[in-house]
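> structure for this input, please:
(one chain, ligands or ions: 1)
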Amino acid sequence: MSDRPIILWFRRDLRLADNPMLHEAARTGRPLIPVAILDPVAESWGAAARWRWGEGLSVFAKSLAQKGARLILRRGEARDILSQLVAETGAEAVWWSRTYDPDGRARDVAAKARLRANGTGARSFPGHLLFEPDAVTTGQGTGYKVFSAYWRAASRLDPGRPLPAPGVLVPPSGWPDSDDLSSWRLADALRAGEAVLRRNSAPGEPEALERLSDFLRSRAAAYAERRDFPAEDATSGLSEYLTYGEISPRTIWSETGKAGGNAKFLSEVGWREFAYHLLHHSPDMARDNWNRDWDRFPWRADNADAEAWRRGMTGEPFVDAALREMYVTGRMHNRARMVAASYLTKHLLTDWRVGLAWFADCLTDWDPAANALGWQWVAGSGPDAAPYFRVFNPVTQGEKFDPEGAYRHRWIAEGRKQPQEDALAFFEAAPKSWKIAPDARYPSRRIDPAEGRKRALDAYERWKALKLLP
Ligand SMILES: Cc1cc2nc3c(=O)[nH]c(=O)nc-3n(C[C@H](O)[C@H](O)[C@H](O)COP(=O)(O)OP(=O)(O)OC[C@H]3O[C@@H](n4cnc5c(N)ncnc54)[C@H](O)[C@@H]3O)c2cc1C
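Numbers count the residues shown, from 1 in each chain. So this is what the prediction gives:
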């Protein structure tokens, strides 16, 4: 048997357990060289996502070290770096777990072509999803457009059992040079926000597994009933771990089954699957209206109202609380995401891509598929979307899902004698150029909710009439 090493290229699969690529690689008994590359795709991610990936790499490097391996870091175009590493190490092949977003896929196709042209093996594995995006098809062999039908079909498939973490990994005869993670300067774009985000972040596989078992033990039973209340710790908090592959969806599926099952929770995990299924069939949906009729909708381009929205300064407390939560923690409760997105696209009549971009910059759980689906679902331009005329009222949403005002109190400092720590953290994280202070007056409304709703519905009626034109 050849003892030439195999290079393992890690991207969104920073875990030892249930990692099909790593499992198979360890079984070969060959020397393994784990690698992560800061390539143009990763460089294009938003500030919080880049930083969070780096934090994940740091934890993962320690897990690999416990198995006798090193995580080699390099920066540059992936196909060039991989070819260079092959030349340096005499590696026979490069393996990786698949990514499914268009940018990632294009990069992987180019890397595979280059490696194979040079006579190097290139092999990709599943692992980011329960089901490969093309594995679930309608009777006609096409993709699904409606979640309930998709999930009914997907749930009939068997995702298989999670694979165990490997034992000791065989090292190569010599380790190639590695960048120092700090030289990548992944926190630079966050500026003052880094210290605040760091306080709210606990990256890595061990933490992900702990969170899952804690959720299943103490919160899963009330999930369906309480998941819509943003002041409560009622959901799993696993999204950022799934995003970086610090836990596999199959582990979630399997552990949830062992804990007695939870159809509602698993169906939310199913929405993530559906998002990738849609992105697979419509790769442009991260940038374009899924339903191209919406190209003629009179969205406003970026504007001063949208800037107030980004800064959590719309004067609408539930919306501002949501934006501030994201700025401080890198996450936003799902109900709050829906209300904040609805407010931007309907009350402020602003193009959903303006909001999508801000979420992509601020979310530590940023996911190219889930973010695109979430925005297009709220805006009305996506498949199986909420109809545009269903406009969330930010006031009544607050009354319904934050009845005691605990969420708004937690995140809004202005007008409070004793603001909460999280509310103050927002001002610590915000750029100085925003010139905001917790003891300033809370901003007045950008638009009256009823007036905003009417403006949105008028625009919708005009657009509907327009659609009828040839
Ligand atoms: C406008 C908008 C943008 C969004 N952007 C993202 C994003 O960038 N990244 C992201 O992971 N989720 C996104 N979501 C989906 C959802 O808000 C988050 O996944 C959820 O809030 C994460 O919290 P949790 O892990 O506690 O979820 P739980 O309620 O515990 O759900 C378990 C898992 O299921 C998945 N999930 C839950 N809801 C959804 C959903 N609606 N769509 C897709 N997957 C879902 C997540 O992976 C989540 O971790 C977005 C939703 C909206 C409305």
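
> residue 175 reaches residue 69, doesn't it?
No: contact criterion C-beta atoms under 8 Å: residue 175 and residue 69 do not qualify, at 9.1 Å. C-betas here are computed from N, CA, C, even on glycine.

> need the overlap of contacts for the two.
Common neighbours of residue 175 and residue 69 are listed as residue 33 (criterion: C-beta atoms under 8 Å, 6 or more residues apart in numbering).

> between the two, tell me which one has more neighbours.
Ranked by neighbour count (other C-beta atoms under 10 Å), residue 175 and residue 69 place residue 69 first, with 24 against 12.

> name the nearest residue to the more buried one, sequence neighbours excluded.
Nearest non-adjacent residue to residue 69, counting by C-beta to C-beta, 6 or more residues apart in numbering: residue 169, 4.3 Å away.

> please apply the same query to residue 142.
residue 281 (7.7 Å).

> can you check residue 431 too?
Residue 431 sits nearest to residue 191 (C-beta to C-beta, 6+ apart), 6.6 Å away.

> touching, that neighbour and residue 434? I think so.
No: taking contacts as C-beta under 8 Å, residue 191 lies outside contact range of residue 434: 11.7 Å.

> follow-up on the earlier one: give me the neighbour count for the residue nearest to residue 142.
Neighbours of residue 281 (other C-beta under 10 Å): 17.

> repeat that for the one 10 residues further on.
Residue neighbour count, defined by other C-beta under 10 Å, stands at 16 for residue 291.

> show the contacting residues for the closest residue to it other than its chain neighbours.
Closest residue to residue 291 apart from its sequence neighbours, by C-beta to C-beta, 6+ apart: residue 381 at 5.4 Å. By C-beta under 8 Å, 6+ apart, the contact list for residue 381 reads 289, 290, 291, 294, 297, 352.

> up against the ligand, what does the stretch 301-450 of the chain have?
With the criterion set to C-beta under 6 Å from any ligand atom, the stretch 301-450 of the chain comes near the ligand through 334, 337-338, 341, 359, 363, 365-367, 370-371, 373-375, 378.

> kindly report the same for the stretch 51-200 of the chain.
Within the stretch 51-200 of the chain, no position is adjacent to the ligand by C-beta under 6 Å from any ligand atom.

> count of neighbours near residue 233?
By other C-beta under 10 Å, 12 other residues sit near residue 233.

> are we agreed that it is in a strand?
No: counting by DSSP: H, G, I helix; E, B strand; the rest coil, residue 233 is not found in a strand; it is coil.

> element containing residue 279?
helix 263-281 (DSSP states H and E).

> next SSE downstream of that helix?
Per DSSP H and E, the helix or strand that comes after helix 263-281 is helix 304-310.

> for the record, mean pLDDT for that following helix?
Averaged across helix 304-310, pLDDT comes to 98.

> please, which helix or strand holds residue 124?
Assigned by DSSP H and E, residue 124 belongs to strand 121-125.

> pairing partners for that strand, with directions?
strand 93-97 (parallel) (DSSP bridges).

> packing partners for whatever helix or strand comes next after the partner strand?
Next helix or strand after strand 93-97 toward the C-terminus (DSSP H and E): helix 102-117. Counting by 3 or more C-beta pairs under 8 Å, 6 or more residues apart in numbering; DSSP states H and E, the packing neighbours recorded for helix 102-117 are helix 40-43, helix 78-89, strand 93-97, strand 121-125.

> output helix 102-117 as PDB, nothing but the C-alphas.
This file holds the C-alpha atoms of helix 102-117, laid out as PDB (Å, rounded to 0.1, in the frame of the first residue of the first chain):
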ATOM      1  CA  PRO A 102     -22.600  28.500  -6.000                       C
ATOM      2  CA  ASP A 103     -19.300  30.200  -5.000                       C
ATOM      3  CA  GLY A 104     -18.100  27.200  -3.100                       C
ATOM      4  CA  ARG A 105     -19.100  24.800  -5.900                       C
ATOM      5  CA  ALA A 106     -17.300  26.800  -8.500                       C
ATOM      6  CA  ARG A 107     -14.200  26.800  -6.400                       C
ATOM      7  CA  ASP A 108     -14.400  23.100  -5.800                       C
ATOM      8  CA  VAL A 109     -14.900  22.300  -9.500                       C
ATOM      9  CA  ALA A 110     -11.900  24.400 -10.400                       C
ATOM     10  CA  ALA A 111      -9.800  22.700  -7.700                       C
ATOM     11  CA  LYS A 112     -10.800  19.300  -8.800                       C
ATOM     12  CA  ALA A 113     -10.000  20.000 -12.500                       C
ATOM     13  CA  ARG A 114      -6.600  21.400 -11.600                       C
ATOM     14  CA  LEU A 115      -5.700  18.500  -9.300                       C
ATOM     15  CA  ARG A 116      -6.800  15.800 -11.800                       C
ATOM     16  CA  ALA A 117      -5.000  17.600 -14.700                       C
END
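
> for this structure, which segments count as strands?
Here the chain has its strands, by DSSP state E, at 6-9, 32-38, 72-75, 93-97, 121-125.

> mind listing what's buried in the fourth one?
Right, strand 93-97. 93, 94, 95, 96, 97 (16 or more other C-beta atoms under 10 Å).

> most tightly surrounded among the helices and strands packed on helix 102-117?
Stretch with highest mean neighbour count among the helices and strands packed on helix 102-117: strand 93-97 (a mean of 23; mean count of other C-beta atoms under 10 Å).

> between strand 32-38 and it, find me the angle.
Strand 93-97 runs at 60 degrees relative to strand 32-38, counting by axes from the mean of the first three to the mean of the last three C-alpha atoms, to 10 degrees.
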